[in-house]
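Here you go, sequence then predicted model.
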Amino acid sequence: MEKQTFSLDGTTVTGYCIPIGPVNLVFAETPRGLVGCGAVDVVALEKFSIPAAKVRPRDADSIRNIDDLLTGTIAVVNTFARDLGVKTDMTGKEALRLLI
């Protein structure tokens, strides 16, 4: 597992990249929610009142790392993330900013 912290608008965001066979489980969490790859179940997280969004890759077959997550496009948004302004078609980075 690779853990990567980075600053976004002065807030620390923690990203994770977990190898699972030939693919990676990739997500980044903020103090209020998370943005993840296609393997993240944003509907299940909604049941726990966690704002979450799912990213689809921009130029690859899958989200491989945190950079792919930040530049990918939001494909699915749960109700709690939508209430904070997260929308489909924005970048992962834009969505994370709204979840800070």
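Arrived safely.

three-state assignment of the one residue sitting closest to the centre of the chain?
Closest residue to the average C-alpha location of the chain: Val35 at 1.6 Å, with CA atoms, centre = their mean. Per DSSP: H, G, I helix; E, B strand; the rest coil, the local secondary structure of Val35 is strand.

which phi and psi does the residue of the chain positioned farthest from its centre have?
The C-alpha centroid of the chain is most remote from Gly21, which lies 20.4 Å away (CA atoms, centre = their mean). With angles defined as degrees, to the nearest 10, Gly21 shows backbone torsions of phi 60, psi -130.

Do I have it right that the residue nearest to the centre of the chain meets Ala95?
Yes. In this structure Val35 lies within contact range of Ala95 using CB atoms under 8 Å: 5.1 Å. Glycine gets a C-beta too; all of them are placed from N, C-alpha and C.

list the residues that contact both of the two?
Ala53, Val55, Ile74 (CB atoms under 8 Å, 6 or more residues apart in numbering).

out of those, which one sits closest to Leu84?
Comparing those against Leu84 with CB to CB places Ala53 closest, at 9.7 Å.

So the nearest residue to Gly85 once chain neighbours are set aside versus Phe48, what's the distance?
Among residues not flanking Gly85 along the chain, Leu98 sits closest, at 4.6 Å (CB to CB, 6 or more residues apart in numbering). Noted for Leu98: a distance of 19 Å to Phe48, by CB to CB, to the nearest Å.
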